[in-house]
Structure formats: structure tokens, C-alpha cells
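>>> Provided below for reference: sequence and predicted model.
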Amino acid sequence: MDIFAILGCVIGVGFILTAQAMEGGNVTQLMQPTAAMIVLGGTLGAIVGSFPVGDLKIAASAIKEVLFPPKVNFDSLIAELVGFATQARKEGVIVLEKVAKGASDLLLTLGLEAVADGADPSLVQGMMENQIGQLEEQFTRASKVFEAAGAYSPTFGIIGAVLGLIQVMQNLSDPSKLGAGIAVAFVATVYGLFVANLIFIPVSTRIKANYQQVMLAKEMMLEGILAIQAGESPALIERKLQSFILK
Amino acid sequence: MDIFAILGCVIGVGFILTAQAMEGGNVTQLMQPTAAMIVLGGTLGAIVGSFPVGDLKIAASAIKEVLFPPKVNFDSLIAELVGFATQARKEGVIVLEKVAKGASDLLLTLGLEAVADGADPSLVQGMMENQIGQLEEQFTRASKVFEAAGAYSPTFGIIGAVLGLIQVMQNLSDPSKLGAGIAVAFVATVYGLFVANLIFIPVSTRIKANYQQVMLAKEMMLEGILAIQAGESPALIERKLQSFILK
Amino acid sequence: MDIFAILGCVIGVGFILTAQAMEGGNVTQLMQPTAAMIVLGGTLGAIVGSFPVGDLKIAASAIKEVLFPPKVNFDSLIAELVGFATQARKEGVIVLEKVAKGASDLLLTLGLEAVADGADPSLVQGMMENQIGQLEEQFTRASKVFEAAGAYSPTFGIIGAVLGLIQVMQNLSDPSKLGAGIAVAFVATVYGLFVANLIFIPVSTRIKANYQQVMLAKEMMLEGILAIQAGESPALIERKLQSFILK
Amino acid sequence: MDIFAILGCVIGVGFILTAQAMEGGNVTQLMQPTAAMIVLGGTLGAIVGSFPVGDLKIAASAIKEVLFPPKVNFDSLIAELVGFATQARKEGVIVLEKVAKGASDLLLTLGLEAVADGADPSLVQGMMENQIGQLEEQFTRASKVFEAAGAYSPTFGIIGAVLGLIQVMQNLSDPSKLGAGIAVAFVATVYGLFVANLIFIPVSTRIKANYQQVMLAKEMMLEGILAIQAGESPALIERKLQSFILK
Amino acid sequence: MDIFAILGCVIGVGFILTAQAMEGGNVTQLMQPTAAMIVLGGTLGAIVGSFPVGDLKIAASAIKEVLFPPKVNFDSLIAELVGFATQARKEGVIVLEKVAKGASDLLLTLGLEAVADGADPSLVQGMMENQIGQLEEQFTRASKVFEAAGAYSPTFGIIGAVLGLIQVMQNLSDPSKLGAGIAVAFVATVYGLFVANLIFIPVSTRIKANYQQVMLAKEMMLEGILAIQAGESPALIERKLQSFILK
């Protein structure tokens, strides 16, 4: 589990509440269920309205990947591909049929099976690139849902504040209630900025960051499979794949 | 009907009005016809001024597609294309002339007819790509109209608020009217943010999201038709098309 | 004349002033020549400083095209190109020299003359693409001038408001003048938002929208001329050009 | 000298100060050295921190080009290139060695010398494109420095205003000083918006606009030199180059 | 050490504090540890939540490069590459094996070794481009972390201000405390804008600016190595590389 993904929110909230307490502020005064309803309910509505159900499911399952990010081990991936190359050289590409199912990634399975079947190189490349393109598309969608949530929530915070102020304004005659009323109104603003800046935008950014590692691995798989099909030597393939890792 | 497209707005408005009621707010106080006139009338004016009538019609008809989104069934599309490929293999491409009219999509009809006529592959590809390009253009325009509406409406909300405040300022001498006046002014701001964040921006985003599925299907049609023309085996074509769907 | 281009501004201003009147506001109170001077004078200065004189002239003449948008008749354009193709087939491309001058568009003239002269296809394509590129450049510039005006004017509205508030603040001791002073200051904000959202941004958007139709026509001309030069059959050329129009 | 580049700022400041005077405002009240220090000093600091010294020098020298923009005479450029083509045709490309030094532009000199030396066409193209790419890079950097200054300065205006307000708040007990204090604070905001919208952003925009003409000329030089090397006829070269100018 | 990278912040802070002192402001009044906790703690939390630990390490080590920017000496790089070319011409590419380790850059070592090994040109190019791509990726990530910090920090400044105002509002009944309370609240805003505009955004911008020089050098290395492998003459290679430097 990527503890840092949660730690960020904890650090942010921790510092801010501590500062608030040091200034003699009361944390309970920041607990306003109606403000939370406006910000979270409004954002939920805007998101449900903006994205097809399928995208929302992808986004929901992306949270799991943020907490438990896919571990990409480039060394073992290179070793695996070099292993396939060695086998294919010794026993012919037909042997790849047998090892395909046991490959560490579905993309490798697809590529190896196609090579074993004697598919045209351009077909193997096309099929693998289609899969990579769709995966990229999916990451992008998940990231966009949270990006949108991060853009909507501060706005609903402002809506909450303005709605609060409207009510406050009705009671201008009683100044003693004025301050407390405005305080309540402002809590919605804080909520909107909080969930955007400590949850939604970080999640969106992290999905994109995690995905760059995954995409690099996929690109290496593609390069490796095509090199195996072209009958390149395992040593050469290893060298080629190593060049994807910055020295 | 994609109930979720409407549900989003309902959820957002529901949560916010409930919260408002819980805080003892009066919902009728949020009903200000003049504020609605400023926000909706201003946005309408800006949109009519910004886009040619043709674009506005496209945008209007896109609402229908948001509520009743085009169902893209990739499995049946692949089956259809594989069916055409099988027929063409058995009876020659000339048979495609007969089945073209009954194809599930006008783009397929156009492609199949061209193949049956013995058109050059580059012509078939060019013609289908032109059609796809124009379709993409149309989706983009519809989406841009709502995107613009979502950008204009909060601004008109602010105009409404400022106009309201100007009037309030004329009566500074009577503080008892001050609060109510400011409250009315703020309602325009809320309206502007509401229609932008619960209607216009979600509709714009959803048009783009829906269109990605459609575009993927069109790309598969293009790939399939070209493969049929090239005389590839139905099994190979199926495999190729399947690679567009993420495993 | 594209009445809608003006209608947008009329609708927007109409709704807003009506709403203002319904709220009992006085429209004359929105007439502040100094606010107009700050917003329009400031925006003019920023635009003159930002763009070379040539770009400003292009932008000025683009207003005419917004009011009287170039009518693009795709059917007659296709018919014209098919006509040229038929003549060229019958009488040889040399005949295009005679008809070139009478073509409906300067780009067609240029292309037909080049074909009649026996210029290399890559030269014909290069020359036509250069012309199209320069035209696109010009549309883009005109659009950017208004886009910049739409970005500058709200800022000058804020400058006007702040300048107004500064003066108001000097007279804090006399609260009776306070409200009126703030009201005057706010009018500049309204002006800035008004001209941006009902004039400058719509004009910029409309120039871009109009230009997409024109660019599509130019692309069809290029495709048609090249097909004529390649000696393709009129029927084929018609089919190709029709594919640019979405079915 | 491009008088309009300065005129823009004069127009903007002129209209605004006139409006201010018409409203009975005192221009001296807008003279706040400390506000200027915060806005200009802060912006200077941010810029010095953001860009390497080399970029700042490029930006400084770009100001000169804004005031005295490079005059691009397309007609004489075409005539010059056609002249070189004619000479090369008559006396062989070796003659270009002699005329290269006298060419109107260093890029022409480089290209002509390379052609005279019998360099490979792809090398001539590569070398010229590298030069053009570096020039574009330099324009872009100069433009970005001013763009950044235009983005920083309003922020420092706000910092100045907030700092001013903080001091004002310390003296809330004496309302008579309140207004004047707030007025002073707001002047920083005005300064920030002023320098951004009447100096920094216009300069950045103008650098980009000027550079488009220059880039077009460079592209024509590249096209011309390559055509000369390819031994194309002067008439053809002229025709090709003319197509870069919109009819 | 690039003293200017620090100087920027010093200039900005210096001018602003001087201006503040000139206005009779007390600098100690700007020292609010709780405001700093909210802004810096919140930004830290948002950044930790947004980026994988690996990216944060890259960003941290990029600070060192901002202070001690990589010196790129294009003249000595060209001389080095021309030297390799001369040796390779005289003694064959096999000699590059020996000199590779002593090259001034790891990318040169990788390229020279590959050339000495007789690797295919497309492999040499592919491997070098992969390395350059990964390096670019790393620069981009470092820059993005600071860019994000610069976007988060003003928001946390606003959160701090709103939290402060909420507390102030609780004590509306005691106006004597009001001003001081608001002043404290505003300090958070100033902190947020300060660290964003004088630290985070400048660092992000500077990383990008420094990296453009480095990337140009890498591109020259790639071009040079490929030319050496192609057996081009040292004089030609020098000429080619010189064209990367604007005259």
C-alpha cells in the first residue's frame, strides 16, 4: 500500500487543524454537516451529470490503484522478455504459445500468442498499440473524473458560502448573530478548497503520475515482443530495453 | 434513456436545497425571476452572438443524444464486420453492394458500397476518414457551445450581483433594506454557478465522453472495411478488431 | 447579413436591462461616460500596444465578415469542380487556363492556372497549401485580437472599479455619498464584463466558427484540383468531394 | 520606429487618467512610490528568480525590436532569391559563394555558402532548419519572460493591497484614517493591473506577432535556397515564393 | 553557483519589506507562525498526496541543479565530438570503445560504445532517443512538482485567511480586536502568494529554462554520434553541429 497517498491528506489536515488550535480556534466550529452536504452533494451531482456511468466505475476502481499502485519492476520485466527471446531463439517462436499464458502481463500474453501464430509484424504491433491506446484512454478518464471533481468542489464551496451569506443578510438587524452566521457560511468555502486540494486534485495527479511508469513498461513490452519476432539476439534485446531506463 | 444524465442535476440541486432547508433557509428566497433573466438571458445572448445558427442547432440536437446516448455494442459491430468479411470471401466483394444498405451505420454503408464498386483502397480510406472527421467536428462544436455557455453564465451571475449591489448602494441610508437587497443580488451569483456547474459544463463534458465511444466504433469500422477490401481472413479481422477492446 | 451576430448582443442587453427595470432600477444610473472611457480606452490602448497595425486592420475587416459571413455553398462548389474535371477530360487540362479567371474563388484560379501550365503536382499542392496556410493565419490573427480585447476589458473594468473605490474611500466620513460612489465604481466592472461577454468574446468565437466552414471549402478545392490534375474521372471526383459532407 | 507600440500605453493611461480627472479624482493620489516598489520590485524578483540571466538579456534586447521592429519586405526578398537563382543558373552554383556575404540575411548567407560548397540538400535543409529553430526558440523565450512578468505583477499588486489592508486593520479604531489607508492599499492593485495590461502582456503579445512575419520570411528563404540548389527555374521559384503571400 | 536563482527571491522580499517599512509598517506583524504552518503544511500535504515518492526525490534533487545549474559548453562539446570523429576516421570506429568511458557525458559514452560495437544505426538512434526521452521526462516531473506547489500554496493562503476570518467573526462584538484579527488572517494570503511567486513558480520555470540548454546539447550529441557512425568527415560534422547555435 502506498501510505504516502494517504499521508498527504493527513499532513495537510494535521498542520491546518494544529495551526487552528494554536490560534485558539475551536475545531468543532469547523464541523458543519450542511456545508459538507452542499460541497460533496453538489460535486457528486456535477460528476454524475458529467460522466457516463462507465467512466465513474473506472474512476472508482482507480482509487484502489492509487492506494495500491501497480508495482512496475523493470529489471524483472527485461529479464522476462530476454528469457522469451532466448527460448524463441532455441526452440522457435512456436514455443511462445506455451509460455504466453504464464506471462506477467496480459499485453505480453496477447503479443506472444500473436507472434507464435505467425501473425504479420504490423498486425502484432497494431494489436498491441490498440491495447496500449485503450489503457491510456482509461487512465486518462479516471484522472479526468477527479480533475473535474477538483474543479467543481471549490465552486460548490462558494455556492455554499453565498447561500449562507444570503441567509445572514436576512438577519442584518441582529448584529450579534451576524458573525456566527458568516463564520458558518465560510466553512463551506474551506470545505470546497480542502477536498479539492487535499483529495480530488492530488488523486487526479497521482493517477497520471502512476500511469507514466505503467505506460513505459507497456512500451518496453511492445519493443521487446517486436524484437523477439524479428529474431533479434537476446543480448541485443536486453541492451535495447535497458536504454529505456535513464542512467 | 440515460437517467444518470438528469440524475446528476437532481442530486446536486437536491443536496443543496436540503442543506439550505436544514439551516432554516427559505427556498422561496432563492426564487428570483429577475436574477434568472439576467443569467439565462445574458448567456443566451452571448451564445447566439458567438456561434452560427448551424452550430446552435447541432448543440440543441446534441441534448437529445445526451439523454438518449447512442448505444455502441462493440460485440455486435465486430460480428457484423466479420459477417461481411465472410460473405465477401465466399461470394466476392460484389456481394457487399446488396448488404450495404442494411448495415447498422451509414459509415459502413458508404464503405461497403465503395468496396463493392472496386474503388481504390486509398479512396475508400480517404472517404471514410473525411466522414469521421466531419462527425468529430460536429461533436466538438456541440460540446463547445455548452462549454461556452458554462463559461458565460457565472459571469452573468456576477453582472447580476453587481447590478443588484449598485441598486443596494443607492439605499445605504436605510440599513433595514440593505441585507435583503444584498441577498437578492447574491442569488444571481448562485444561479450563474448553478447552471454552469450542474447543467452546461456537465452537458459539454458528457457530449465529449459519449463521443469517445462512438469514435472508437467508427475507427473499428474503418479498420474492418479496409481489411475486408484487402481480402484478409475473417478470423484475422476479428482478432484485429478485438484488440480495440481493452482486456 | 447574419442578423444573429447582432441579435446576440441585443438579446443579452435586452434581458439584463429589462430585469434591471423590473427590479426598479434606473437604467440611466448605468450610464457612466467615465466608466466607459476607462474600459474602452484602456482596452483600446492594450490592443494597440499588443498587435502590429496590420493585425488591427485584419481584425477590423473581420467585423464585416462577421456581419456578412462568407456564404459557402458546398453543392455548387462540388458542381463547379466536377465541371472543370469534365472539361479537362474532354479538351485537355490546357482548357483550364481559359476558365481559371472565372472560377468562384481565387484559390481555384491559382490552382487551375498552375494545372493548365503543367506544373508539377507537388508544386500545385505546395502553392495551394501555402495560400490556405496564410488564410488560416489571417483568420487566427483576427480572432486573437478580439480574444485579447475580451481578456483585457474585464481587467480594465476592475481597474475602473478600484479607481472609483479609491475616491470613495477618501470620503468615508460622509456615508451618505458612500453608496452612490460605490455604485458608480461598480458600473465600470459591469461595462468590462458586458463588452467582453456580449461583444469581444462572441466576435472572436464567431470568426473561428465561420472560418471552419471556409477552411473545409478550401480543403475541398485542394482535393478537387489535385484530382483533376491526376486525371481522375468526374464521377470519382464528385464522390470524393461528397465525402467531405457529413451524411 | 513602431510608434504604435508606445502609443498603446499612452492611449490606455491617457483615457484612464482623463476619466479619473473628470470624476474629480486627484491624479497625485495615484502616485504611491511604495506601491510601485512592491509591484515592480516583486515582479523583478520573480523574473530574476524564474529565468537564467541569458534569457533576461534576450528579453531586454527584444524590447528594442518591439520599438524598432524588423522590417520584412517580402517583395524584395523574393526578388533577391530570384536573382540568386538566375545567377546560379547562368554561372553555376559556385557563383553563390561570392554573393553569399552580401545577402540580406545571415540565414541566406549560411544557405548560399552551403549550396556553393556542394553540400548535400538534406544537410543544407537541416542546417537552415536548425538555425530557424533556434531563432524561434529565442523569440519564444523573450516572449515568455514578459508573459511571466504580466502574470506576476497583478499578484504583487494584490500582495501590496493585502499588506496595506493589514496595516489599515491595525488602526480600525480611527475611522477617519481608514478610508485613506484603504485607498493607498488599492493603488498597488491598480499598479499591478496597469503594468501587466498596458506594458508586459502587450510587449509579450507583440513579440510573438512580430515574429510570425519574420518566421514566414525565414521559411521562404529555406524554400528558395532549396529550390535554387535543386536547379529549378527562376520563374518557377518566383511563383512558389509568391504563393506564401495571401492573394 | 547561480547566484541569480537566489537573488530573485532576495530582491522580491527586499523591495516588499522595504516598502512595508517605509509605510511605517512593522515587519514583525508579518511573522505569523500559524499562517506559515497552514500554507507550508497544507502545500506539503497536497504535494505528498499528489506525487509518488520517486517524483518528490527527483524534485528535491532538482533544487540542487537550480542553484548549481549544469554548465553546457557548446564549443567544447563540438570540439569533443569532432575529436571523436577524427579518431574514428583515422583508426576506425573500434577506437571509440577506448575513449567512450572518458566522454564528458553518459549519453556520449552509451552512443560511442554502441557505435564501436557495430550496432545498427537505427538501434544507436533508438537507444539514445530513449535516454533523452527519459531525461526529458525527469526534468518535466521535477518542474511539475514545483508548478503544483505554486498552484496549491495560494489556495492554502486563502484557506488560512478564511479560517482566520471565521474566528474573527466569532468575536464581532468586540470591534477593538476585529482589525488585528483580520490582519492576522490576511498574513496567510500574503504567505501563500509569496512562496508561490517568489519560490515555487520561479523554481519550476527555471528548471524548464535550464533544461532547454541541456536538451539542445543532448540533441547535438545524438546528431554528432550518428554522423560519426555514418562516417561523415569531421569538417562536415563540425559544420552541422555549429548550425545548432544561432548566429
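Arrived safely.
>>> and the helix or strand of chain A with the lowest mean pLDDT, does that touch chain E?
Counting by mean pLDDT, DSSP states H and E, chain A has its least confident helix or strand at helix A:175-195, which shows a mean of 84. Yes. Residues of helix A:175-195 contacting chain E under CB under 8 Å from any CB of the partner chain: A:175-176, A:178-180, A:182-183, A:186-187, A:189-190, A:193-194. In this view, the C-beta of every residue, glycine as well, is placed from N, C-alpha and C.
>>> Now, of those, which are buried?
Buried members of the residues of helix A:175-195 next to chain E, scored by 16 or more other CB atoms under 10 Å in any protein chain shown, are A:178, A:179, A:182, A:183, A:186, A:187, A:189, A:190, A:193, A:194.
>>> Let me know whether the second one touches residue E:167 as I believe.
No. With contact defined as CB atoms under 8 Å, residue A:179 and residue E:167 do not form a contacting pair (9.8 Å).
>>> and the gap between residue A:121 and chain B?
14 Å (CB to the nearest CB, to the nearest Å).
>>> and residue A:70, helix, strand or coil?
Counting by DSSP: H, G, I helix; E, B strand; the rest coil, the backbone at residue A:70 sits in coil.
>>> Quick check: which ranges of chain A have low pLDDT?
Scanning chain A for pLDDT under 70 picks out the ranges A:172-173, A:175-176.
>>> give me the residue from it nearest chain D.
Residue nearest to chain D within chain A (CB to the nearest CB): residue A:179, separated by 15.0 Å.
>>> Leaving out the residues flanking it, which one is nearest to residue A:227?
residue A:237 (4.7 Å; CB to CB, 6 or more residues apart in numbering or on different chains).
>>> number of nearby residues for that neighbour?
Around residue A:237 sit 24 other residues, with neighbours defined as other CB atoms under 10 Å in any protein chain shown.
>>> Quick check: it vs residue A:82, distance?
Per CB to CB, to the nearest Å, residue A:237 is found 6 Å from residue A:82.
>>> now swap in residue A:150 and tell me
42 Å.
>>> How far off centre is the host helix or strand of residue A:157?
Element membership for residue A:157 (DSSP states H and E) is helix A:121-170. For helix A:121-170, the distance from its own C-alpha centre to the chain's C-alpha centre is 10 Å (CA atoms, centre = their mean, to the nearest Å).
>>> Repeat that for stretch A:119-134.
On the basis of CA atoms, centre = their mean, stretch A:119-134 sits 25 Å off its chain's mean C-alpha point.
>>> hmm, who's touching it?
A:107, A:110-111, A:114-115, A:215, A:218-219, A:221-222, A:225-226, A:229-230, B:236, B:239-240, B:243-247 (CB atoms under 8 Å, 6 or more residues apart in numbering or on different chains).
>>> which among those residues end up buried?
Buried members of the contacts of stretch A:119-134, counted by 16+ other CB under 10 Å: A:107, A:110-111, A:114-115, A:218-219, A:221-222, A:225-226, A:229, B:236, B:239-240, B:243-244.
>>> Return the subset of these lying in helices.
Using DSSP state H, A:107, A:110-111, A:114-115, A:218-219, A:221-222, A:225-226, A:229, B:236, B:239-240 are the members of the buried ones among the contacts of stretch A:119-134 that sit in helices.
>>> Around residue A:18, how many other residues sit close by?
Neighbours around residue A:18, by other CB under 10 Å: 15.
>>> Look up how far chain B lies from the closest residue to it other than its chain neighbours.
Using CB to CB, 6+ apart and skipping the chain neighbours, the partner closest in space to residue A:18 is residue E:37 (6.6 Å). Counting by CB to the nearest CB, the gap from residue E:37 to chain B is 30 Å.
>>> Kindly report the same for residue A:61.
13 Å.
>>> Tell me how many other residues surround that residue.
11.
>>> Pull out the buried residues from whichever helix or strand it is part of.
Residue A:61 belongs to helix A:53-67 when elements are defined using DSSP H and E. Under the neighbour-count criterion of 16+ other CB under 10 Å, helix A:53-67 has A:55, A:56, A:58, A:59, A:62, A:65, A:66 buried.
>>> Could you verify my assumption that the second one touches residue A:47?
Yes. At 7.0 Å, residue A:56 counts as touching residue A:47 under the criterion of CB under 8 Å.
>>> Find residues that contact each of the two.
Counting by CB under 8 Å, 6+ apart, the residues touching both residue A:56 and residue A:47 are residue A:145.
>>> So for chain A, the centremost residue is which one?
Among the residues of chain A, the one closest to the centroid is residue A:207, at 1.8 Å (CA atoms, centre = their mean).
>>> Just want the angle from the one helix or strand it maps to to helix A:121-170.
In the assignment (DSSP H and E), residue A:207 maps to helix A:201-229. Interaxial angle of helix A:201-229 relative to helix A:121-170 (axes from the mean of the first three to the mean of the last three CA atoms, to 10 degrees): 180 degrees.
>>> Return the angle between stretch directions for helix A:201-229 and helix A:53-67.
90 degrees.
>>> for helix A:201-229, packing partners?
Secondary-structure packing of helix A:201-229 (3 or more CB pairs under 8 Å, 6 or more residues apart in numbering or on different chains; DSSP states H and E): helix A:3-22, helix A:53-67, helix A:74-91, helix A:106-116, helix A:121-170, helix A:234-242, helix E:42-50, helix E:121-170.
>>> Just name the most buried of those helices.
A comparison of the helices and strands packed on helix A:201-229 by mean neighbour count, using mean count of other CB atoms under 10 Å in any protein chain shown, puts helix E:42-50 on top with a mean of 25.
>>> who touches that helix?
With CB under 8 Å, 6+ apart as the criterion, helix E:42-50 contacts A:4-16, A:197-199, A:201-203, A:205-206, A:209, E:56, E:145, E:148-149, E:152-153, E:155-156, E:159-160, E:195.
>>> how far out from the middle of the chain is it?
With CA atoms, centre = their mean, you get 19 Å for helix E:42-50.
>>> and the angle from it to helix A:3-22?
Angle of helix E:42-50 versus helix A:3-22, following the same axes, to 10 degrees, is 160 degrees.
>>> was I right about residue A:225 contacting residue A:105?
No. Look at residue A:225 against residue A:105 with CB under 8 Å: they stay out of range, at 10.8 Å.
>>> In terms of secondary structure, what does the helix holding residue A:61 contact?
Applying 3+ CB pairs under 8 Å, 6+ apart, one finds that helix A:53-67 makes contact with helix A:3-22, helix A:121-170, helix A:201-229.
>>> And residue A:77, how close does it get to residue A:110?
Distance, residue A:77 to residue A:110, by CB to CB: 16 Å.
>>> ok, back up a step: taking their axis directions, the helix holding residue A:157 and helix A:106-116 sit at what angle?
Helix A:121-170 runs at 160 degrees relative to helix A:106-116, counting by the same axes, to 10 degrees.
>>> So is stretch A:82-101 next to chain E?
No. Stretch A:82-101 lies out of reach of chain E by CB under 8 Å from any CB, never closer than 14.9 Å.
>>> what does that stretch rub up against?
By CB under 8 Å, 6+ apart, stretch A:82-101 touches A:103, A:108-109, A:112-113, A:115-118, A:224, A:227-229, A:231-234, A:237-238, A:241.
>>> burial count for the residue nearest to residue A:18?
For residue E:37, using other CB under 10 Å, the count is 22.
>>> same deal with residue A:195?
23.
>>> quick one: contacts for the closest residue in space to it that isn't next to it in sequence?
Of all residues not flanking residue A:195 in the chain, residue A:153 sits nearest, at 5.0 Å (CB to CB, 6+ apart). By CB under 8 Å, 6+ apart, the residues touching residue A:153 are A:39, A:40, A:42, A:43, A:191, A:192, A:193, A:195, A:196, A:200.
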